[in-house]
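Novice: any chance you can model this:
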Amino acid sequence: MIDRTMLWIVIVALGIGSFGLRFVFLGLVGDRPLPPWLLRHLRYTAVAVLPALVAPLVLWPRATEGETDPVRIASACVTLAVAFVTRNVIAAMASGAGVLALGMLMLG
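Specialist: Have a look, this model is predicted:
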């Protein structure tokens with residue numbers, strides 16, 4: 001069991017860190033134009049973060065106790081293929097969700 005004091009220290013530290021990151025961009029640099037090299041890097045932030053969040057859920061899902069699930073792999077592959085072909089986020093998400101739901105219905 002985690003100590004309540006330690007829990008509050010972690011919550012406050014994360015809050016300060018989150019505020020600090022936002023303040024650097026909005027408070028200190030908010031009214032000045034950013035250099036082109038930084039804008040180029042910031043453009044790819046979501047593209048880098050979303051796969052990092054989704055990959056563990058596809059490869060080591062808690063629902064299957066960490067075992068790789070062919071339905072989740074198929075769903076991720078369909079999502080990637082539809083996103084690549086159509087360049088439509090909604091279509092990619094809907095197709096991936098459809099494959100996942102259909103696969104789950106067929107298995108159990």
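
Novice: show me what the lowest-mean-pLDDT helix or strand in the chain is packed up against.
Specialist: When each helix and strand of the chain is scored by mean pLDDT, DSSP states H and E, helix 45-59 comes last, with a mean of 85. Packing partners of helix 45-59 (3 or more CB pairs under 8 Å, 6 or more residues apart in numbering; DSSP states H and E): helix 70-86. Every C-beta, even on glycine, is put in place using the N, C-alpha and C of the backbone.

Novice: hey, C-alpha coordinates of the helix it packs on in CSV?
Specialist: This file holds the C-alpha atoms of helix 70-86, laid out as CSV (Å, rounded to 0.1, in the frame of the first residue of the first chain):
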residue,chain,number,x,y,z
PRO,A,70,-4.5,-12.1,-33.3
VAL,A,71,-7.8,-10.1,-33.3
ARG,A,72,-6.0,-7.0,-32.0
ILE,A,73,-3.1,-7.5,-34.4
ALA,A,74,-5.6,-7.7,-37.3
SER,A,75,-7.5,-4.7,-36.1
ALA,A,76,-4.2,-2.6,-35.9
CYS,A,77,-3.2,-3.8,-39.4
VAL,A,78,-6.6,-2.8,-40.9
THR,A,79,-6.4,0.5,-39.1
LEU,A,80,-3.0,1.2,-40.5
ALA,A,81,-3.9,0.1,-44.0
VAL,A,82,-7.1,2.2,-44.1
ALA,A,83,-5.3,5.2,-42.7
PHE,A,84,-2.5,4.9,-45.3
VAL,A,85,-4.9,4.4,-48.2
THR,A,86,-7.6,7.0,-47.3
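
Novice: and that helix, what does it pack onto?
Specialist: helix 45-59, helix 89-107.

Novice: closest one to Ala13 among those?
Specialist: helix 45-59 (21.3 Å; CB to CB).

Novice: can you check what angle separates that closest one from helix 89-107?
Specialist: Angle of helix 45-59 versus helix 89-107, following axes from the mean of the first three to the mean of the last three CA atoms, to 10 degrees, is 0 degrees.

Novice: ok so, going back, identify each buried residue in the least confident helix or strand of the chain, please.
Specialist: By 16 or more other CB atoms under 10 Å, the buried positions in helix 45-59 come out as Val58.
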